[in-house]
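> quick one: sequence and predicted model below, then my questions.
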Amino acid sequence: MNAANLLRTSTNAARASFGLVDLADEDAASARLARHTLLQGASTVDELISMIPDDYRGVLTEPLKAIGRTAEKLASTRATLLKWEQHRAAGTFPSFVRNSAPQIQFTKDYGSSQAAIDASSALMKLHHDYMHQALSSGIDAKTAEVTALEQSISPQALLNTLSPLITTHYQSIKERSKLPKFIEGGEPGEVQFDGWIDNVAAKIVGLNVYEDCVVYGFRVVSITEAQIAKVELKFHKKKVLHQSADVEMADATQPGPSIQSLVDKAVSDRFKPWERKARAKYGKPDGKKTSSPKPAKPSNTGPRTQQRSKPNPKGKNAKAGGNPQKGKGKARK
């Protein structure tokens, strides 16, 4: 049974349960369409729960959040199943499959024999077959888990989970919302109490919640899946950006001219005109000025004049750097 037929059947059953079989189909369909359009605007589970009538909000809050948690588990299980299927297609194995094969320890002499080599090869083949069988069994188990989780949030499962909560809670609301019934008395203008009647407004609210309970569940699943997809997209963008940054960093670390060599070249190119000018002017590439030969001093052929030595201020026996006490005392005769 598809969702439309299920909703139609559950609506007719709900009308009979709530005593509203005489409600016009066209009016009910228009009102239901308006409510469902409003529910489509909810962007979070909490916002959706706030749109539920207050009398039934407390009853449905926890079951709807449980449906959201089931949708999260389903998304996680689907992602794991997809990764395992990709491993099988690529010939690789996930982490739960033990990749290291057992090793048989042989003695040195026997280990090089053909029998030991054949035994090791047979063990490796068995281990390889085991890994493939383990991966296939894991994929089958995850596929069964995905199917079970999908069935737990199917339209029929949502109706079976939420509708009993609504009908049971309506009975308590029905008793608390009864209205008094009055009739005319025997005297003119006299009004007499004639018992209690059910509140039609409470019936309509209960019927609306009953009709919308499957839509509540669907919206919780859709909102949860949209939030998970948003997080995964954000993570994928960060991963792509990180890989791009790694490539750029690898390009930057490739062998090539260093920064110091580039600076030296720039400085050298800047000073080349000055170097050429210095070479043209001074004749040396290092820029140092060539000293011109000094004129020869005229030779002095005249008699040398004896220079008088300056008196030593420290005494005639004192020497530069000597002991200042030396030379003192009586002179020898």
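In hand now; what should we look at? Numbers count the residues shown, from 1 in each chain.

> low-confidence regions, this protein specifically.
1-25, 242-259, 283-333 (pLDDT under 70).

> any residues touching stretch 89-106, and which ones?
With CB atoms under 8 Å, 6 or more residues apart in numbering as the test, stretch 89-106 has contacts from 83-84, 87, 116, 119-120, 123-124, 127-128, 131, 134-135, 138. Where you see a C-beta, it was placed from the backbone N, CA and C, and this is true even at glycine.

> can you give me the helices in this structure?
Under the criterion DSSP state H, the chain contains helices at 3-18, 25-39, 45-50, 54-90, 108-111, 114-152, 155-176, 200-252, 259-282.

> that older thread, which of the contacts of stretch 89-106 sit farthest apart?
83 and 116 (37.9 Å; CB to CB).

> measure residue 280 to residue 274 for me?
Distance, residue 280 to residue 274, by CB to CB, to the nearest Å: 11 Å.

> typo on my end, it should be residue 36
From residue 36 to residue 274 the distance is 84 Å (CB to CB).

> quick one, which of these two is more surrounded?
residue 36 (14 against 10; other CB atoms under 10 Å).

> send the alpha carbons of stretch 217-231 over as CSV?
Extracted C-alpha coordinates of stretch 217-231, given in CSV (Å, rounded to 0.1, in the frame of the first residue of the first chain):
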residue,chain,number,x,y,z
GLY,A,217,7.4,11.3,10.7
PHE,A,218,8.2,11.9,7.0
ARG,A,219,9.2,15.5,7.7
VAL,A,220,11.5,14.4,10.6
VAL,A,221,13.2,11.9,8.3
SER,A,222,13.6,14.5,5.5
ILE,A,223,14.9,17.2,7.9
THR,A,224,17.4,14.8,9.4
GLU,A,225,18.7,13.6,6.0
ALA,A,226,19.0,17.2,4.8
GLN,A,227,21.1,18.1,7.8
ILE,A,228,23.4,15.1,7.3
ALA,A,229,23.8,15.9,3.6
LYS,A,230,24.7,19.5,4.6
VAL,A,231,27.4,18.3,7.0
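
> contacts for it?
Against stretch 217-231 from outside (CB under 8 Å, 6+ apart): 39-40, 42-45, 48, 64-65, 67-68, 71-72, 75, 153, 155, 158, 161-162.

> turn the helices of the chain into a markdown table, columns for distance to residue 188.
Below are these laid out as a markdown table (distance: least, CB to CB, whole Å):
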| stretch | distance to residue 188 |
| --- | --- |
| helix 3-18 | 38 |
| helix 25-39 | 38 |
| helix 45-50 | 51 |
| helix 54-90 | 40 |
| helix 108-111 | 119 |
| helix 114-152 | 64 |
| helix 155-176 | 35 |
| helix 200-252 | 29 |
| helix 259-282 | 110 |
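
> in the chain, which residue is closest to the centre?
residue 235 (4.3 Å; CA atoms, centre = their mean).

> tell me how far residue 146 lies from residue 76.
10 Å.

> more crowded one of these two?
residue 146 (16 against 12).

> distance of the nearest residue in space to the more buried one that is not next to it in sequence relative to residue 53?
Of all residues not flanking residue 146 in the chain, residue 77 sits nearest, at 5.3 Å (CB to CB, 6 or more residues apart in numbering). In this structure, residue 77 and residue 53 are 34 Å apart, going by CB to CB.

> between these two, tell me which one has more neighbours.
residue 77 (17 against 12).

> pull the contacting residues for that one.
So residue 77 contacts 142, 145, 146, 149 (CB under 8 Å, 6+ apart).

> what's the answer for residue 144, then?
Residue 144 touches nothing, counting by CB under 8 Å, 6+ apart.

> dump the contacts of residue 77 into CSV; add distance to residue 266 as well.
Shown next, in CSV, are the contacts of residue 77 (distance: CB to CB, whole Å):
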residue, distance to residue 266
142, 62
145, 66
146, 64
149, 66
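
> between those residues, which sits nearest residue 205?
residue 149 (32.2 Å).

> what's near enough to touch that closest one?
70, 73, 74, 77.

> filter those residues to the buried ones?
70, 74, 77 (16 or more other CB atoms under 10 Å).
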